[in-house]
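J.: what's the 3D shape of this:
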Amino acid sequence: MPDPGPVIFEERDTANGKAIGIVTLSVEKTLNSLTLPMVELMRAQLLEWQDDERIAAVFMQGAGEKAFCAGGDVQELYRSATKTPGGPCVEAETFFEQEYRLDYLLHTYSKPVVCWGDGIVMGGGLGLFAASSHAIVTEKTRIAMPEITIALYPDVGGTWFLNRMPGKCGLFVALTAAAMNAADTLYAGLARYFAHSASKTRVLQAMSGLPWQSSDQQNRQLLTDLLKELSPARAADVDGQDMPSPLATHRAEIDVLCAGDDLAKIVANILSLDSEDSWIKKAQGSLAHGSPVAANTIWQQLRRGSGMSLEEVFQFELMVSTNVVRHPEFAEGVRALLIDKDKSPRWLFDSVESVPSDLIKEFMSPPWERNPLADLA
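T.: As a prediction, this is how the structure comes out:
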């Protein structure tokens with residue numbers, strides 16, 4: 001039997017002659033991590049479906065039971081970064097550009113897009129999830145932005161959606177790689193709907209039975225009404241018990257810890273907090289062992305990006321990502337976590353306050369005459 005490929009596309013007929021376009025990320029052994037060919041395949045198909053009057057909606061899912069998508073193929077980025085230290089890192093930079101084009105397309109897609117965020121949703125997977133018009137979480141959803149552990153930063157539109165989380169939650173989860181469950185994700189505004197993992201077939205069947213119209217706006221409302229009807233009032237575990245949200249529980253504390261204009265003080269506040277809560281302690285550990293360069297990058301990312309349009313966000317992120325991947329801190333972070341797996345990165349600086357401001361300014365400066373995403377505007 002031939003290999004179906006890393007992304008499977010299907011057009012499922014509905015009761016009234018329309019169809020639902022189904023996208024399945026199908027690289028289960030890598031937790032459906034994104035590669036450049038996968039990104040290019042998805043974007044081409046989505047553009048085709050957008051102009052196809054028969055397609056009423058799109059449904060995105062991941063193969064297997066563990067993940068929707070664990071992110072981009074970071075090891076490929078590492079190979080590109082180490083092949084040409086200092087850049088240009090052609091393969092990595094091309095991946096970032098095409099990935100952001102895909103994310104932007106989903107954010108602005110005319111037809112409704114459902115993303116079934118079951119299992120692990122991280123990095124590039126979160127970019128797809130957050131860009132979807134109808135994002136669904138389940139009791140198995142595990143969302144995180146662990147980029148600080150490899151000297152990257154939460155890209156794929158993170159500048160947009162992190163700044164729209166309640167209070168200082170976006171800054172906190174970006175600096176600490178704090179994991180979010182379904183209840184957290186709903187609280188943070190990254191998703192609006194909850195469904196149990198076992199109910200995917202039921203949701204798809206209900207979508208197939210909708211009286212789809214020729215109007216994308218009407219179809220969005222049809223889908224919204226359906227998911228509201230199917231979605232429980234609150235996230236719950238398999239036994240039906242309400243799922244706690246650590247993010248909501250600690251929101252007031254997070255706002256105090258992350259207040260002010262001094263990154264070093266904020267980091268010190270978080271690390272010095274005396275807590276026996278396992279969620280807080282794990283977040284502290286990730287921040288303590290993360291890249292000080294990345295912490296500074298995240299700080300500037302969220303401050304500078306707070307008033308940007310969606311187009312400006314992706315143009316900004318491509319600039320930052322290009323600079324970051326050309327810098328040796330990123331390669332060292334990936335080496336320690338994923339290549340040698342010694343988990344002992346040799347960061348260039350030992351604290352956030354020791355990172356030269358000129359380095360971060362360099363990250364925030366265009367490395368080319370014209371931004372490759374200038375055509376988004």
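J.: For the stretch 201-350 of the chain, which segments count as helices?
T.: In order along the chain, the stretch 201-350 of the chain carries the following helices (DSSP state H, counting those that start in this stretch): 216-230, 246-249, 251-257, 263-272, 278-289, 292-305, 310-326, 328-334.
J.: Residue 194 and residue 136 touch, don't they?
T.: Yes. Taking CB atoms under 8 Å as the contact criterion, residue 194 and residue 136 are neighbours in contact, 7.1 Å apart. Where C-beta positions appear, they are placed from N, C-alpha and C, glycine not excepted.
J.: just to revisit the earlier point, looking at the helices of the stretch 201-350 of the chain, which is closest to residue 70?
T.: Between residue 70 and the helices of the stretch 201-350 of the chain, the shortest separation by CB to CB is 14.3 Å, and it involves helix 328-334.
J.: same for the closest one, what does it pack against?
T.: Applying 3 or more CB pairs under 8 Å, 6 or more residues apart in numbering; DSSP states H and E, one finds that helix 328-334 makes contact with helix 74-83, helix 292-305.
J.: can you rerun that using 6 Å?
T.: In terms of contacts (3 or more CB pairs under 6 Å, 6 or more residues apart in numbering; DSSP states H and E), helix 328-334 is packed against helix 74-83.
J.: what packs against the helix it packs on?
T.: Under the contact criterion of 3+ CB pairs under 6 Å, 6+ apart, helix 74-83 touches helix 90-107, helix 328-334.
J.: Throw these into CSV and include distance to residue 224 and mean neighbour count, thanks.
T.: Shown next, in CSV, are the helices and strands packed on helix 74-83 (distance: least, CB to CB, whole Å; neighbours: other CB atoms under 10 Å):
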stretch, distance to residue 224, mean neighbour count
helix 90-107, 17, 22
helix 328-334, 40, 22
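J.: who wins for proximity to residue 291 among the ones you listed?
T.: Residue 291 sits nearest to helix 328-334 of all the helices and strands packed on helix 74-83, at 5.7 Å, using CB to CB.
J.: Give me the contact list for the closest one.
T.: Residues outside helix 328-334 that contact it (CB atoms under 6 Å, 6 or more residues apart in numbering): 74, 78, 81-82, 150-151, 291, 293, 324, 345-346, 348.
J.: again, only this time at 8 Å
T.: When contacts are defined by CB atoms under 8 Å, 6 or more residues apart in numbering, helix 328-334 is touched by residues 74-75, 77-78, 81-82, 85, 149-152, 291, 293-294, 324, 345-348.
J.: All good on my end, thank you.
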